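A.B. asks: After the sequence you'll find the predicted model.
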2 protein chains.
Amino acid sequence: MQKDIKIEDLTTPCVLVLDPVVRNNCIKMNERAHSLGVDVRAHMKTHKTVEIGKYQFEKNQNKDQVIKIIVSTLSEARFFSKDFSNILYATPISPNKVDEAYQIHLDIERLNIMFDNIEHVNSMVEFSKTNPKYSKRWSVFLKIDCGYHRAGASPELQSTTDLVHLITKGEFKDYFDFQGIYSHSGHSYKCNTPEEIKELAKEEARVTGDYGKKLKSLGYHVENVSIGSTPVCSHLPDDLTSYGVTEIHPGNYTFYDLMQMELGNCSIDDVGVHVLATIVSVYPERNEILIDAGSLALSSDPGCTHLKNRNSPNFGIVYDDTNLRIVAASQEVSKVQSSNGSPIDFSKYKIGSKIRIIPNHSCLTAAMFSNYHVINKDNNIFKTFKPNKYW
Amino acid sequence: MQKDIKIEDLTTPCVLVLDPVVRNNCIKMNERAHSLGVDVRAHMKTHKTVEIGKYQFEKNQNKDQVIKIIVSTLSEARFFSKDFSNILYATPISPNKVDEAYQIHLDIERLNIMFDNIEHVNSMVEFSKTNPKYSKRWSVFLKIDCGYHRAGASPELQSTTDLVHLITKGEFKDYFDFQGIYSHSGHSYKCNTPEEIKELAKEEARVTGDYGKKLKSLGYHVENVSIGSTPVCSHLPDDLTSYGVTEIHPGNYTFYDLMQMELGNCSIDDVGVHVLATIVSVYPERNEILIDAGSLALSSDPGCTHLKNRNSPNFGIVYDDTNLRIVAASQEVSKVQSSNGSPIDFSKYKIGSKIRIIPNHSCLTAAMFSNYHVINKDNNIFKTFKPNKYW
Ligand SMILES: Cc1ncc(COP(=O)(O)O)c(C=O)c1O
Ligand SMILES: Cc1ncc(COP(=O)(O)O)c(C=O)c1O
């Protein structure tokens, strides 16, 4: 425990994690899910820390609920396997990662693998056949394309249902333990209004839910029907279970960010991660401030550029004065201007002063740092969290 | 030395550095500079490795040339101080970094500090006054705004010349060793054609050169007049010294990237850094490939979006088939499509195959990795370079 470190003493740029905010975000998401009768399968990719992974299951009233998490890389799967025993690696498995994935699967209760193509199935079977001493079945999820068109097999193709047949009742049934289906609505980040997100939430629930129902009607056991993204999980229909959905899988909600604010999924006080920067120069003649947090601190994600009422370009806003915006980010410095052109108060924003920035995209921003300074409600740093890094 | 590691065996995503290409880029830039009668003050920020820093001075025919480098953070200054003794920290100094900067300055011949505001000068003087046992003069460069409008004092303001007076002949003359003036033409990345870059190169040379001449005519000694950016340094006027320029300070040229290709500053074979990715799934029904290199491997820099003939959005192209482009990047995966819509040859691009990507912005992409796999002309990995990370 590092007591007594003050924000003023930190080397910048660095990242602050607002502990009470993050815990509250986790509780609220769980409460909403449970009130709707579904579980949360919590994604770790936004924060990549064991500590916040645990927050995602804190005050979980539902004693029977399995603690189940999602990771975005095998390196994360290994990292979290010391503290979590039911993990989903949510990227379609590539043949060169099968061996490593299997080793992790052996070490814990289950490492769930994602597939959406016969090649994924073949490479797992191939591994099991050539390593007969490993007789543990692969635990797998079928990734369904619910309209995002990134990963996922189309629920409309017969070949998709053939895959389910192959691993549950067909030739490869002895190698697999089919866990269910999973979709991800990444296109929710392109919505324009909360109403559009609400519609998309219903659509994802319907597309994925209907496919689950179809598989069941064909006689397949489908334990989990998993949907979500933070926008969708912030606008779920009240009758979610009627669609056949059993769980949601958000990730970004732990931290939220400027994109989530602008999309209408949270307020500024729900944002759990701030970048701390120092003003390194001021240019009153151009009404501009230069800070020491550039693309390597903030990431170069331009955020929700499609939103019409948005000041663009924009790589984040200043927490204490949201009229101040990062209008350009270079590698190590960024330019701050006032959105409405009003004169910046240079008696307040002096060279050497620190400012806090709400980043566009917290997943990418947090990943830029090797440790997070965790602050309590009095703005004192009382912990350091070290995220998993790289691959 | 790690002999015999093959590209096929690498865990993806990872980054490949093409050793012969990088060395050649360095030699060519030095040759051009020397043929024009100026020095290269080499920026380290793109690669952040001691090894490539040394390549930037290899085969340097000019025996008298001082080996002088530039860094973008104090962490880099400390990192490179073991191997380089003349370093310029090219971000205006903030008061909270003065102490650390001075310690590095004491350890080597000189850590040059950048200033463009009286506050920078005051904070250095304040440090010297309160630490009288440290009598080494601060070695400083004045940052000039040549039209980029990011950092830099305007050469048109009297206050700018007053700053030079203050530290060379005025009240604070005993605290400083004035090294000269420095501009950076980051706006060259917004040019549309090589002709525009050529014009900008002349303009930067003129603005900064003229200000250097003015200072000299006022009786100030200006040893270094430093200009550049990789685009500008690729299109320098033949009569560069007649403008009064003494040195250029490019950084990105060590690696180049897709932006530099598209701007007309290099060819595809000059790009010294490739991201290696694995195909994790294929979607023939949508003519798309999914790879395991997302924004955390490539960065989310959208590149030169202002160029009219460019396929956008675009986060990089496939090296072996430049018709294949990354059209969308999520945190850990990206989508590849063919630019002209022609059918992708899925017998060649199979799940598990590896592809090499030319990234949009090599400075940001390289910074995403903890080590670089360095390959020779036969595509064998023969070294690993570890870049400096964080702040
Ligand atoms: C496969 C998958 N599942 C779940 C999530 C979580 O989505 P969000 O971060 O919007 O909550 C993501 C995020 O990208 C994802 O890629
Ligand atoms: C102050 C400064 N000098 C020099 C450079 C090198 O420019 P380039 O990478 O275009 O060569 C940069 C790059 O951003 C810079 O910020």
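C.D. replies: Thanks, I have the structure now. Numbering: from 1, shown residues only, chains lettered A, B, ... in the order given. Ligands and ions are numbered 1, 2, ... in the order given.

A.B. asks: Endpoints of stretch A:321-336, how far apart?
C.D. replies: Stretch A:321-336 stretches 11 Å from its first residue to its last (Cα to Cα, to the nearest Å).

A.B. asks: That stretch and chain B in contact?
C.D. replies: Yes - Stretch A:321-336 lies within reach of chain B by Cβ under 8 Å from any Cβ of the partner chain, at A:328, A:330-333, A:335. (Glycine included, C-beta is placed from N, CA and C.)

A.B. asks: Check which residues of that stretch are buried.
C.D. replies: A:324-336 (16 or more other Cβ atoms under 10 Å in any protein chain shown).

A.B. asks: Residue A:369: what's it in contact with?
C.D. replies: By Cβ atoms under 8 Å, 6 or more residues apart in numbering or on different chains, the contact list for residue A:369 reads A:14-15, A:297, A:387, B:390.

A.B. asks: for stretch A:296-316, what is the average pLDDT?
C.D. replies: Mean pLDDT, taken over the full extent of stretch A:296-316, equals 87.

A.B. asks: Just confirm yes or no for that stretch near chain B.
C.D. replies: Yes - when contact is scored as Cβ under 8 Å from any Cβ, part of stretch A:296-316 falls within range of chain B: A:296-297, A:299-302.

A.B. asks: Can you name the residues in contact with that stretch?
C.D. replies: A:13, A:15, A:189-190, A:192, A:258-259, A:262-263, A:275, A:277, A:295, A:325-329, A:331-332, A:334, A:339, A:357-361, A:364-365, A:367-369, B:295, B:299-302, B:361, B:364, B:367, B:391.

A.B. asks: Straight-line length of it, end to end?
C.D. replies: First-to-last residue span, stretch A:296-316, Cα to Cα: 13 Å.

A.B. asks: Could you do stretch A:75-95 as well?
C.D. replies: Taking Cα to Cα as the measure, stretch A:75-95 stretches 16 Å from start to finish.

A.B. asks: Indicate whether that stretch makes contact with ligand 1.
C.D. replies: Yes - against ligand 1, stretch A:75-95 shows contacts by Cβ under 6 Å from any ligand atom at residue A:90.

A.B. asks: Buried residues, that stretch. List them.
C.D. replies: A:75-81, A:84-95.

A.B. asks: Spell out the residue ranges of the helices in chain A.
C.D. replies: In chain order, chain A shows helices spanning A:19-36, A:50-55, A:74-80, A:98-107, A:118-130, A:158-168, A:194-217, A:230-233, A:258-263, A:295-298, A:362-366, with DSSP state H as the criterion.

A.B. asks: Distance from the chain centre to stretch A:14-34, please.
C.D. replies: Once both centres are worked out by Cα atoms, centre = their mean, to the nearest Å, stretch A:14-34 turns out to sit 13 Å from its chain's centre.

A.B. asks: Also stretch A:78-95?
C.D. replies: Centroid displacement of stretch A:78-95 relative to its chain, using Cα atoms, centre = their mean, is 15 Å.

A.B. asks: And the contacts of stretch A:296-316, which of them are buried?
C.D. replies: Taking 16+ other Cβ under 10 Å as the criterion, what is buried in the contacts of stretch A:296-316 is A:13, A:15, A:189, A:258-259, A:262-263, A:275, A:277, A:295, A:325-329, A:331-332, A:334, A:357-361, A:364-365, A:367-369, B:295, B:299-302, B:361, B:364, B:367, B:391.

A.B. asks: What does the pLDDT read for residue A:66?
C.D. replies: Note for residue A:66: predicted pLDDT of 78.

A.B. asks: That one: neighbouring residues, count only.
C.D. replies: The criterion is other Cβ atoms under 10 Å in any protein chain shown. On that basis, residue A:66 has 12 neighbouring residues.

A.B. asks: Burial check on residue A:168, number of neighbours?
C.D. replies: Residue A:168 is flanked by 18 other residues according to other Cβ under 10 Å.

A.B. asks: thought it was touching residue A:222?
C.D. replies: No - here residue A:168 does not reach residue A:222: they are 9.5 Å apart, not a contact under Cβ atoms under 8 Å.

A.B. asks: Find residues that contact each of the two.
C.D. replies: With Cβ under 8 Å, 6+ apart applied, the overlap between the contact sets of residue A:168 and residue A:222 consists of residue A:178.

A.B. asks: which stretches of chain A have low pLDDT?
C.D. replies: In the predicted model, chain A carries pLDDT under 70 at residues A:1-4, A:60-65, A:311-313.

A.B. asks: Taking the centroid of it, which residue is nearest it?
C.D. replies: Nearest to the centroid of the C-alpha atoms of chain A, with distances taken as Cα atoms, centre = their mean, sits residue A:251, at 3.0 Å.

A.B. asks: I'd like to know how many residues surround the spatially closest residue to it that is not a sequence neighbour.
C.D. replies: Nearest residue to residue A:251, sequence neighbours excluded (Cβ to Cβ, 6 or more residues apart in numbering or on different chains): residue A:43, at 2.9 Å. When neighbours are counted by other Cβ under 10 Å, residue A:43 registers 26.

A.B. asks: can you check residue A:235 too?
C.D. replies: The number of residues packed near residue A:235 is 21, by other Cβ under 10 Å.

A.B. asks: Repeat that for residue A:165.
C.D. replies: Counted with other Cβ under 10 Å, residues neighbouring residue A:165 total 17.

A.B. asks: residues contacting it?
C.D. replies: By Cβ under 8 Å, 6+ apart, the contact list for residue A:165 reads residue A:220.

A.B. asks: distance of the residue of chain A positioned farthest from its centre from residue A:68?
C.D. replies: Summary for chain A: using Cα atoms, centre = their mean, the residue whose C-alpha lies farthest from the chain's mean C-alpha position is residue A:285, with a distance of 41.1 Å. Using Cβ to Cβ, to the nearest Å, we find residue A:285 at a distance of 56 Å from residue A:68.

A.B. asks: do residue A:263 as well
C.D. replies: 26 Å.

A.B. asks: go on, residue A:11?
C.D. replies: As defined by Cβ to Cβ, residue A:11 lies at a distance of 37 Å from residue A:68.

A.B. asks: So between the two, which is more surrounded?
C.D. replies: residue A:68 (23 against 15).

A.B. asks: count of neighbours near the closest residue to residue A:374 other than its chain neighbours?
C.D. replies: Once its chain neighbours are removed from consideration, residue A:374 has its nearest residue in residue A:383; the separation is 4.0 Å (Cβ to Cβ, 6+ apart). Residue A:383 sits with 14 neighbouring residues when counted by other Cβ under 10 Å.

A.B. asks: Residue A:383 against residue A:19, yeah?
C.D. replies: Yes - with contact defined as Cβ under 8 Å, residue A:383 reaches residue A:19; the gap is 7.3 Å.

A.B. asks: beta partners for residue A:5?
C.D. replies: With DSSP bridges applied, residue A:5 shows beta-bridge pairing to residue A:381.

A.B. asks: tell me the contacts of it?
C.D. replies: Applying Cβ under 8 Å, 6+ apart, we find residue A:5 in contact with A:373, A:380-381.

A.B. asks: cool, and residue A:269?
C.D. replies: For residue A:269, the contacting residues are residue A:21, taking Cβ under 8 Å, 6+ apart as the criterion.

A.B. asks: So it versus ligand 2, what's the distance?
C.D. replies: Computed with Cβ to the nearest ligand atom, to the nearest Å, the distance linking residue A:269 and ligand 2 is 35 Å.

A.B. asks: Would you list the strands that the longest strand anywhere in chain A pairs with, along with their directions?
C.D. replies: Scanning chain A for the longest strand, with DSSP state E as the assignment, gives strand A:273-283. According to DSSP bridges, strand A:273-283 forms sheet pairs with strand A:14-18 (antiparallel), strand A:288-291 (antiparallel), strand A:354-358 (antiparallel).

A.B. asks: Closest to residue A:268 out of the contacts of residue A:369?
C.D. replies: Proximity of these to residue A:268 (Cβ to Cβ) peaks at residue A:15, which lies at 17.0 Å.
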